[in-house]
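Student: no letters, just coordinates:
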């Protein structure tokens, strides 16, 4: 098959020609002619370059003789050397001529420098078939590139198609595209932040809110309002509306939070007085989230390691509670009810929240002590105290409600506790019941409003009011004073009590402890808990004792626990502050307070009853009363026995004595 391709473009385009009995290629450049011919009859290749004419160098006859006979190799070598010298001289001439023209022929001159094999190994160093096809394809690609771009100098193979793209190149291209996208997104986000930071949030007026009373506001709209108000409060000077106070923004924020989370507005307002706006929102949000289930190992019957293995065999997923607890386990997932396993029924563990373990750890009861738990039901803390005391000593578990004490008794039997005495008394009267029998340690987990355990009792959000908080605070003050009174300050090991609540309100915590400091001779000591937030020493216009900072607070949004408060108190003496004289109250009966008017009328009647000499007049009624009294005395009282008071003149005689005793002689 023979084919020929020729092109003669204007202005120095090259025209390749291919013939298929070998291969011949000719190139034109600016009126000058370059011809390259390759013939493959015996593997000989000759190249000639001419200028301003057609010059063609044919294959020399010496090469043919060399292929025919091996005896003429030496002669053919001489001829080849001569031919190479002639080619070099012609190349030098061509270089001189090409230097005056454009630099487009540099590649063509480089091709003429190729030397062919001229030694003995030329026969087997010839390029094989696949290489030839590669050369042909390269030449065709070069021709196409030259046609497309019209540049004779670019003969490189840089036109790699997308199919032949390497993996590294593809990944780099994708990375570049991602960088461009990220830069565009960053620019867009930057513009949005500028727009939001420079814009001023419009706080809704009362008229606008009144219009939306009947409309159900979606949660997304409430959240956007809350976020916008928080942004304004964070940079209030620059972001606020003119003539709008900070109080207006805070009040409106409280209304939005109360509507979004279902709280009474007064409770949210109370939280905003305790926390910053952002922290108050975080507290309200975390109070709705369920806390992880926690169990406490009963070391009177088993060890935590053995209990964990037994529960894991039942498919329960659990982890140790924390570094501060050696008996707590946190239940992550359980296919069986945790409160109905054989281990639970056997008394190997007790369901108890992590926060309620902290008061017992702060109390730190010792073996063989007398301990009082003033509000014991349903027995979680009482059993933990017995566990730390190793079932020694004695524990009085008191609670006012008898129905709750049934659960306490059942738990003590199930857990194997043997040193507990249950009783049902009003905690405010225990100081009179235990006057002679005082305790080494007292735990008062006082009844409270439950503002720290909203996740377990959501009804607190709509049922508790600030009036309820103040009412429970008054009860807590009475219970705390009674607990201090039954505490033995002379105890060698104790003289310590712990006051705790499951509320985060200041009125039920810091104010109660500060009141006890002003009424009893006590001091606040460290709780020895490594975690927790220090309590408030100031709240609004109120200032508390500096030692109250030693007490600890626990929050859901900080410690992932129920809201709790723990204070540890040491009694110094039985002295009651504010009373210089001993108390006039006897057996719980107070003195009657007589008004001033009644006292005046009473004195007038007494004066009328007196005679002229100031003596009291005797009426007939008084005489009858006197006679009755004398009769009663005669009937009931035995006759009096006469006793000789003059002991000096009374001479005692003994029947056995014959001689009187000698009288003592007084010496002047």
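Tutor: Looks like it arrived, so ask away. Bear in mind the structure is a predicted one, so any value in this text is a computation, not a measurement.
Student: contacting residues around residue 461?
Tutor: Contact analysis of residue 461 by Cβ atoms under 8 Å, 6 or more residues apart in numbering lists 261-264, 267, 454. C-beta here means a position set from N, CA and C on the backbone, and glycine is covered the same way.
Student: please apply the same query to residue 390.
Tutor: 300, 367.
Student: kindly report the same for residue 405.
Tutor: When contacts are taken as Cβ under 8 Å, 6+ apart, residue 405 is in contact with 376-377, 397, 399, 422, 424.
Student: hmm, back to that, need the contacts of residue 461 in TSV (columns: distance to residue 463).
Tutor: Shown next, in TSV, are these (distance: Cβ to Cβ, whole Å):
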residue	distance to residue 463
261	15
262	12
263	11
264	8
267	10
454	11
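Student: which SS class is the nearest residue to residue 414 once chain neighbours are set aside?
Tutor: Leaving aside its chain neighbours, residue 414 sits nearest to residue 347 (4.4 Å; criterion: Cβ to Cβ, 6 or more residues apart in numbering). For residue 347, the assignment made with DSSP: H, G, I helix; E, B strand; the rest coil gives coil.
Student: pLDDT at residue 163, what is it?
Tutor: Here, the pLDDT recorded for residue 163 equals 56.
Student: next, the closest residue to residue 348 other than its chain neighbours: secondary structure please.
Tutor: Using Cβ to Cβ, 6+ apart and skipping the chain neighbours, the partner closest in space to residue 348 is residue 302 (4.7 Å). With three-state DSSP as the basis, residue 302 sits in coil.
Student: which residues of this protein score low on pLDDT?
Tutor: Within the chain, the set of residues satisfying pLDDT under 70 comprises 1-78, 93, 95-163, 195-199, 580-668.
Student: returning to that earlier point: ok, the residue nearest to residue 414 - contacts?
Tutor: Shown in contact with residue 347 (Cβ under 8 Å, 6+ apart): 298, 301, 414-416.
Student: that older thread, how about the residue nearest to residue 348, what does it touch?
Tutor: Residue 302 neighbours (Cβ under 8 Å, 6+ apart): 343, 348-349.
Student: equivalent analysis for residue 217, please.
Tutor: Contacts here follow Cβ under 8 Å, 6+ apart; on that basis residue 217 touches residue 259.
Student: that one: what secondary structure?
Tutor: For residue 217, the assignment made with three-state DSSP gives coil.
Student: ok, residue 180 next?
Tutor: Following three-state DSSP, residue 180 is assigned to helix.
Student: that one: how many residues sit nearby?
Tutor: Residue 180: 10 surrounding residues under other Cβ atoms under 10 Å.
Student: now it: how far from residue 169?
Tutor: 17 Å (Cβ to Cβ, to the nearest Å).
Student: next, give phi and psi for residue 577.
Tutor: Main-chain torsions, residue 577, degrees, to the nearest 10: phi -70, psi 140.
Student: isn't it right next to residue 519, touching?
Tutor: Yes - counting by Cβ atoms under 8 Å, residue 519 is a contact partner of residue 577 at 5.7 Å.
Student: settle it for me: which of these two has more neighbours?
Tutor: Per other Cβ under 10 Å, whichever of residue 577 and residue 519 has more neighbours is residue 519, with 15 against 10.
Student: state the distance from that one to residue 567.
Tutor: Residue 519 is 15 Å from residue 567, where distance means Cβ to Cβ.
Student: and if you look at residue 259?
Tutor: Distance, residue 259 to residue 567, by Cβ to Cβ: 35 Å.
Student: which one of these two has more residues nearby?
Tutor: Between residue 259 and residue 567, counted using other Cβ under 10 Å, residue 567 has the larger neighbour count: 27 against 16.
Student: hang on, the more buried one packs against residue 498?
Tutor: Yes - using Cβ under 8 Å, residue 567 makes contact with residue 498 at a distance of 7.0 Å.
Student: and for the two, which residues touch both?
Tutor: Overlap of the contact sets of residue 567 and residue 498 (by Cβ under 8 Å, 6+ apart) consists of residue 527.
Student: assign residue 247 to helix, strand or coil.
Tutor: Assigned state for residue 247: helix (three-state reduction, three-state DSSP).
Student: next, count neighbours for it.
Tutor: Quick note: residue 247 (other Cβ under 10 Å) scores 8 neighbours.
Student: so what's it up against?
Tutor: By Cβ under 8 Å, 6+ apart, residue 247 lies in contact with nothing.
Student: state the distance from residue 401 to residue 486.
Tutor: Residue 401 is 20 Å from residue 486, by Cβ to Cβ.
Student: quick one: which of the two has more around it?
Tutor: Neighbour totals were compared for residue 401 and residue 486, and residue 486 leads with 22 against 10 (other Cβ under 10 Å).
Student: quick one, phi/psi of the closest residue to that one other than its chain neighbours?
Tutor: Leaving aside its chain neighbours, residue 486 sits nearest to residue 434 (4.8 Å; criterion: Cβ to Cβ, 6+ apart). Main-chain torsions, residue 434, degrees, to the nearest 10: phi -110, psi 50.
Student: what is the burial count for residue 434?
Tutor: Residue 434 has 19 neighbouring residues, counting by other Cβ under 10 Å.
Student: wait, doesn't it sit right on residue 488?
Tutor: No - assessed by Cβ under 8 Å, residue 434 is found out of contact with residue 488, at 9.9 Å.
Student: so where do the strands sit in the stretch 151-300 of the chain?
Tutor: Remark: strands assigned in the stretch 151-300 of the chain by DSSP state E, counting those that start in this stretch are 293-297.
Student: in PyMOL, how would I select the buried members of the contacts of residue 405?
Tutor: With 16 or more other Cβ atoms under 10 Å as the burial test, the buried ones among the contacts of residue 405 are selected in PyMOL as follows:
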select buried, resi 376+377+397+399+422
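Student: which members of the contacts of residue 405 occur in strands, if any?
Tutor: Here DSSP state E is the test, and the contacts of residue 405 give 397, 422 as lying in strands.
Student: could the contacts of residue 405 go into TSV alongside distance to residue 445?
Tutor: Shown next, in TSV, are those (distance: Cβ to Cβ, whole Å):
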residue	distance to residue 445
376	8
377	10
397	12
399	10
422	16
424	16
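Student: nearest to residue 255 among the contacts of residue 405?
Tutor: residue 377 (38.4 Å; Cβ to Cβ).
Student: pull the contacting residues for the closest one.
Tutor: Applying Cβ under 8 Å, 6+ apart, the residues near residue 377 are 397, 399, 401, 404-405, 407-408.
Student: which of those residues sit farthest apart?
Tutor: 397 and 401 (12.6 Å).
Student: burial count for residue 551?
Tutor: 28.
Student: that one reaches residue 524, doesn't it?
Tutor: Yes - using Cβ under 8 Å, residue 551 is in contact with residue 524, at 6.6 Å.
Student: what do the two both touch?
Tutor: Contact criterion Cβ under 8 Å, 6+ apart; residues shared by residue 551 and residue 524: 513, 567-568.
Student: for these, which one is nearest residue 475?
Tutor: Closest approach between the shared contacts of residue 551 and residue 524 and residue 475, by Cβ to Cβ: residue 513, at 14.7 Å.
Student: and that closest one, how many neighbours does it have?
Tutor: Look at residue 513: counted by other Cβ under 10 Å, it has 23 neighbours.
Student: now swap in residue 471 and tell me
Tutor: Neighbours of residue 471 (other Cβ under 10 Å): 12.
Student: from residue 309, how far out is it?
Tutor: Remark: distance between residue 471 and residue 309 (Cβ to Cβ) = 48 Å.
Student: please apply the same query to residue 273.
Tutor: Counting by Cβ to Cβ, the gap from residue 273 to residue 309 is 49 Å.
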